[in-house]
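# 3D model of this:
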Amino acid sequence: MMTSVKDFTNSFILKCNEFRALVNLDKLGVIASSVCLVHCLVLPFVLILLPFAGLEYLASNAAHKVLAFFVLLFALTAIVPGYLQHRRKTILIAMLFGLSLVMLATFSLAALNLSNLETPLITVGNLILVATHLQNRRHLSKLHNISCHDHVH
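Below you'll find the model as predicted:
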């Protein structure tokens, strides 16, 4: 049996519990970007103390990559589905720009001998991602209030 265009379009409309899940993913995205940001800003000041606390792995390249993975994961799982609901292109563009800065700083600058740009790029990228998650959440909340207003949760 063929599906109508209306049925296909309605399959992209989220239910109330799915809106809440996306809002929670945005919260996790804000946390991941904030942790990555704090890690990169504070690390130079505490680098000398890490071995005494047994936390020298926090200064490793692997730690940066793990943090970047979570930043990427939460951006893709919260912002992309949110965009499919609210269709705000600025949200999607900001996410792509912020992720590009974080990924460039994490995976490419050392190879290009530009490690001195890592902290500024990660800082800007994560600030953009935090703002983008918050905007995504705001737009989803507006849609949630509109689409879920008529029935009991």
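# Mind listing what's buried along the helix or strand containing Phe97?
Assigned by DSSP states H and E, Phe97 belongs to helix 89-107. Buried positions in helix 89-107, judged by neighbour count with 16 or more other C-beta atoms under 10 Å: 91-92, 94-95, 98-99, 101-106. C-beta here means a position set from N, CA and C on the backbone, and glycine is covered the same way.
# What is it packed up against?
Secondary-structure packing of helix 89-107 (3 or more C-beta pairs under 8 Å, 6 or more residues apart in numbering; DSSP states H and E): helix 61-74, helix 80-86, helix 118-147.
# Could you export the ones you listed as JSON lines, including mean pLDDT and distance to Ile31?
Shown next, in JSON lines, are the helices and strands packed on helix 89-107 (pLDDT from 0 to 100; distance: least, C-beta to C-beta, whole Å):
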{"stretch": "helix 61-74", "mean pLDDT": "85", "distance to Ile31": "8"}
{"stretch": "helix 80-86", "mean pLDDT": "90", "distance to Ile31": "17"}
{"stretch": "helix 118-147", "mean pLDDT": "87", "distance to Ile31": "9"}
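# mind putting these in CSV, mean neighbour count included?
Output for the helices and strands packed on helix 89-107, formatted as CSV (neighbours: other C-beta atoms under 10 Å):
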stretch, mean neighbour count
helix 61-74, 17
helix 80-86, 18
helix 118-147, 19
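# Turn these into a markdown table, including distance to Val38.
Listed next are the helices and strands packed on helix 89-107 as a markdown table, based on distance: least, C-beta to C-beta, whole Å:
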| stretch | distance to Val38 |
| --- | --- |
| helix 61-74 | 10 |
| helix 80-86 | 24 |
| helix 118-147 | 9 |
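# Nearest residue to Phe74 in space, please, no chain neighbours.
Gly29 (3.5 Å; C-beta to C-beta, 6 or more residues apart in numbering).
# contacting residues for the one you found?
Residues near Gly29 by C-beta atoms under 8 Å, 6 or more residues apart in numbering: 71, 74-75, 78-79, 129-130, 133.
# sorry, back to before: just tell me which of the helices and strands packed on helix 89-107 ends up closest to Leu37.
Distance to Leu37, taken as C-beta to C-beta, is lowest for helix 118-147 among those, at 4.0 Å.
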